[in-house]
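> test case, fold it:
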Amino acid sequence: MAVATPDSPAGQIAQALVDFSVEGAFPEESVSSLTIDSDALPAAIEALASAKAKLQAEIHTINEETADDVRTWKVNAQLVQDDIVRSKALANDILKQSEAPQASGKAIEEAESRAAFLARELDYNTQLRNALKGIRAVNQILDQVERARDERRILDALHLLERSWKELDAVPVNKSCRAVKLLDIRAFELKSDVHQVFDHVWNTLIHVDIEGHKVSISGVKQDEPMSLSDAVVGLKAYKEVDQRATQLWHDIDKAILAPRLDIKQKRLPSIKIDGNTLELEGTSDQSIEAVFRDLEQVFAFLVEKLPPELVETISTVLLPGLIPTITRTWLDLAVPSSLEGMDRFETTISTTKNFCTTLKGMGLSHLNELQEWTESAPRVWLSKRREAALDQIRTQLSRGLGPSKQVERVEKQVVSKSEGQQLAANGAKVTEDDGGWDAWESDGEQQTGGQQINKPAATASATEPSTDAIDDAADAWGWGEEDPEPENSEEPQQNKPKQGDDDDDPTEAWGWGDDAQNDGTAAEQAPTAPSASSKPQTRELTFREIYSISSLPQPVLDLISALAEDGAALTQGNYANSPVAAAAAGLFSLPTLALAMFRAIAPHYYAPDVGGNMFLYNDATYLSERLAEFAEEWVKRENMSTRAQTMLRLDNDIKTMQSFANRAYSNEMSIQKTVLRDLLGGEQNLIQQDDTESCVSAAVARVRSLAIAWESILSRSAWQQAVGSLVDAVANKFIGDVMDLPGIGQDEAYSIANHIASVTALDDLFLPSRFATAEGRNDADNDIPTTAQYAGSWLRLKYLSEVLQSNLKDVRYLWLESELSLYFSADEVVDLVNLSFEDNPRTREVIREIRARPNPLG
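Numbering: from 1, shown residues only. From the prediction side, this is the model:
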């Protein structure tokens, strides 16, 4: 019979049978698919027999290696003992031979060498005996550990384990010894088993049912030999005191404390203690007193039931997380946002102090945050008041501008008799308290008591924004960097009077031209009789203007008034013993913060509305005026202390608010001017555009739409100045682009003049009859627009149109005989002549005449 090779089918089948028998391995698919015939069976039987013999040999070898070590070691020890006896006899023989004088030196050396060997053998045998004794002792201790584990004597098991490790360390054998390794592995396995038993006992003594909101703590159990105090000792042995305590407090917080302190719940459970059980049951009110009462029960239960080692961890683990929850939810909500409810607040402070005292009596600590809250009541209350005030500002602004309402600005100005007569000639109205214009003994012409007037420049309101005020606020808000004309900051400011040659002409004194009549009155000024006295007659008149504000200023004023009233109340004797009396000074600083909040976020909420920035200008102006009146009345009040009168300081806030109003106006004007400039071609020349007509139409339509939008918002004087500034921007853009042309043909000149005519149609916005009463509109056909009073370049634009439509003779006349020189310089007119006319002797002659007389009217 041929011998089967490993690669032959018979060999593969044999090896598969061996692997399945020894290792339980299934053969590969290539082997299992082979056909088994009679020739393969002998090889398989032979392979199985060989594997069996090999396994028997290995088992025999293992049995010999792992036989009863103690028995083998005893036999070896006996052999060592016999060797020791023989060694002693041999040593005696050597001693006798050494004493014999006939012994040779060589014999002595042999005897000494043999004696040293025997001594080493003796030491080895002694060490081996001690090692065997130590191993046997450790093994016996581990047997005791197993018995203690089975009987749930955890502490005894832990003590025995600790002893076994000490004994194992004392065994005089290298740690790599197989016997020592086996004992060490057994000890660790027993420790793991003991820990599992300990977990079961711990969970039996302390059970936390998170879902059922129940905690059970027992010092001992009838069926458990270990007490809770012994369990703590076990935790120390495993070095798990902090870990197990942290988990315990976490579970108790989830099961009991968190549901009880969840202020968002509509119904809060109460604490119930029944023997060794702490649980949630029933309902409790949402007062802070009930919270502290329940927490005192919880901590008293834990201190009573738990060993001191675990109680100590309450202060280090549980309280640092619990105290912030109490202060930031329950206590902060108990802080009133005004002086109302102050009695309740004082009760809360007293209850909190008593709670801290109770916990200290239980031996708990880490209550600093809670104690600081009670000691810093003024700061806590002031912080709540500040938060409420700022939140009220945010809430009001987030609701939008709301419905607008008209308010009246009333100012008193001292004017001379001639000024009053000039006002009468221009249709100004005064109240009946002023006695009418006839009180000036003019010509008996008296005006009925009206309410709204257009104030002349000499009587401009003190609340109108000034350039200095705007400049002061520019840096604070970062506005104006993109302003195309920084040297001419926009503000609703009345025209300044012009200095004329005739100081006695009241029209010149007010800066009004012969062709501009204010309010569209056709009445001529009555002649003024010379005064008998050199001292001019003066009189105080009351001027009134109507403008619109949103619904936002009043809540802000109400808030500031309430803050001031509460601050004043804290300085009175009624609140001398109040815990928040010290917060009076801080309360008087809250108006400044509230107004700063208004200024910071108001632009965001005003901007989306049509005319929002103008509403912001009016609202901020109204706030500054009302605050000034409030501050003035505040210092005059007699029902408060002097301290309260001096602590309210609104002067800087009033100035800042007025500057903020000016900046809102200036920002809106800058934006609208930029839009108009973009509509008129931007940086490109408007006249050279293909769609000049559409650009001009768009710009004019933009001005008209803004005029309509602002008309119901701004006062008459502010509206005229704002719209006049826009018209002036259009005029300047037009004039600049015309002057920058390389040349102007006749057809192009007439086309430009037509475009200018489209722009100058905006004159109808400034007709006095626009603001007149029904009776005043009867004379609308005789109205003279006052556009030039509010747009400095308006007449300049009109004269430009005249020049473009004139021949050389007409240009010469306009310069030498008319008023062209009042609005254009000689160089500018010369440039226009060069642009519009060919270079010929006649043209050069006209240019020489113009240059010869640069100031023909002066």
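
> please count neighbours and contacts with C-alpha atoms only from this point.
Fine.

> now do the SS call for N855.
With DSSP: H, G, I helix; E, B strand; the rest coil as the basis, N855 sits in coil.

> neighbours of it, just the number please.
Residues near N855, counting by other Cα atoms under 10 Å, number 14.

> surely it and L820 touch.
No. Using Cα atoms under 8 Å, N855 is not in contact with L820, being 10.1 Å away.

> can you give the distance from stretch 582-591 to the centre of its chain?
Centroid separation between stretch 582-591 and its chain, computed with Cα atoms, centre = their mean, to the nearest Å, is 25 Å.

> same check, this time on stretch 548-558
27 Å.

> please enumerate residues in contact with it?
Residues from elsewhere that reach stretch 548-558 (Cα atoms under 8 Å, 6 or more residues apart in numbering): 393, 396-397, 401-407, 594-595, 615, 618-620, 622-623, 626-627, 712-715.

> in which helix or strand would I find R539?
strand 538-549 (DSSP states H and E).

> now that strand: average pLDDT?
Here strand 538-549 scores 84 as its mean pLDDT.

> narrow the contacts of stretch 548-558 to those in helices?
Those of the contacts of stretch 548-558 mapping onto helices are 393, 396-397, 594-595, 615, 618-620, 622-623, 626-627, per DSSP state H.

> show me what the longest helix along the chain is packed against.
Across the chain, the helix with the greatest residue count (assigned by DSSP H) is helix 105-150. Under the contact definition 3 or more Cα pairs under 8 Å, 6 or more residues apart in numbering; DSSP states H and E, helix 105-150 sits against helix 69-99, helix 154-170, helix 178-205.

> let me know the angle separating that helix from helix 69-99.
Counting by axes from the mean of the first three to the mean of the last three Cα atoms, to 10 degrees, helix 105-150 lies at 160 degrees to helix 69-99.

> where does pLDDT dip in the stretch 351-500 of the chain?
417-500 (pLDDT under 70).

> using CSV, write out the CA atom coordinates for stretch 328-342.
Taking Å, rounded to 0.1, in the frame of the first residue of the first chain, the C-alpha atoms of stretch 328-342 are listed here in CSV:
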residue,chain,number,x,y,z
ARG,A,328,-30.5,81.5,39.3
THR,A,329,-34.0,80.2,39.1
TRP,A,330,-36.0,80.3,42.3
LEU,A,331,-34.2,83.2,44.1
ASP,A,332,-33.7,85.3,41.0
LEU,A,333,-37.4,85.0,40.1
ALA,A,334,-38.3,86.0,43.6
VAL,A,335,-36.5,89.4,43.1
PRO,A,336,-39.0,92.1,42.3
SER,A,337,-38.4,94.4,39.4
SER,A,338,-39.7,97.4,41.3
LEU,A,339,-40.4,98.5,44.8
GLU,A,340,-43.7,96.7,44.7
GLY,A,341,-43.3,93.3,46.4
MET,A,342,-40.4,94.5,48.6
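
> run the chain-centre distance for that stretch.
For stretch 328-342, the separation from the chain centroid amounts to 23 Å (computed by Cα atoms, centre = their mean).
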